[in-house]
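Colleague: Structure of the sequence below:
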Amino acid sequence: MQNFSISRLHTSHGIFKLKGVLHFNTQAKAYIFVHQLQIMASDGWIELQIHHPHTQRLIKVLYNDLASHLDLNI
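Modeller: Residues are numbered from 1 along each chain as shown. Reported below is the predicted structural model:
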């Protein structure tokens, strides 16, 4: 497992700050687990509740941008 932290991820859905873990299985396939997610708002960073269903859907939407940023072939 490998921790990651991204200070600014620019996407078509907004600007995000993320922390999480990369987990590699025996076939060297990477899985991304996000533990902290914040979105840039007009007044600064807003932390999103990671277990909220809307946040979970957002993480799925951001998955390809995140994988590309982390330079993963998923």
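
Colleague: quick one: buried residues of stretch 39-57?
Modeller: 48, 55 (16 or more other Cβ atoms under 10 Å). (Each C-beta comes from the backbone N, C-alpha and C, glycine too.)

Colleague: give me the number of residues near residue 3?
Modeller: Residue 3 has 9 neighbours, counted by other Cβ atoms under 10 Å.

Colleague: contact partners of stretch 65-73?
Modeller: 4, 6, 9, 11, 18, 22, 30, 32, 34, 74 (Cβ atoms under 8 Å, 6 or more residues apart in numbering).

Colleague: chain center to it, what's the gap?
Modeller: Its chain's average C-alpha position is 10 Å from that of stretch 65-73, according to Cα atoms, centre = their mean, to the nearest Å.

Colleague: Could you list the low-confidence segments of this protein?
Modeller: Low-confidence segments of the chain (pLDDT under 70): 26, 28, 73-74.

Colleague: all strands of it, in order?
Modeller: For the chain, the strands defined by DSSP state E cover 2-11, 14-24, 30-41, 44-47.

Colleague: Strand partners (parallel or antiparallel) of the shortest one?
Modeller: So that's strand 44-47. strand 30-41 (antiparallel) (DSSP bridges).

Colleague: Could I get the CA-only coordinates of the partner strand as PDB?
Modeller: Extracted in PDB, the C-alpha atoms of strand 30-41 (Å, rounded to 0.1, in the frame of the first residue of the first chain):
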ATOM      1  CA  ALA A  30      -3.900  -0.600  -8.500                       C
ATOM      2  CA  TYR A  31      -7.000   0.300  -6.400                       C
ATOM      3  CA  ILE A  32      -7.600   3.800  -5.200                       C
ATOM      4  CA  PHE A  33      -9.100   4.400  -1.700                       C
ATOM      5  CA  VAL A  34      -9.900   8.100  -0.900                       C
ATOM      6  CA  HIS A  35      -9.900   8.900   2.800                       C
ATOM      7  CA  GLN A  36     -10.200  12.700   2.600                       C
ATOM      8  CA  LEU A  37     -11.800  14.900  -0.100                       C
ATOM      9  CA  GLN A  38     -12.100  18.600  -0.100                       C
ATOM     10  CA  ILE A  39     -13.500  20.900  -2.800                       C
ATOM     11  CA  MET A  40     -12.400  24.500  -3.500                       C
ATOM     12  CA  ALA A  41     -15.300  26.900  -2.800                       C
END
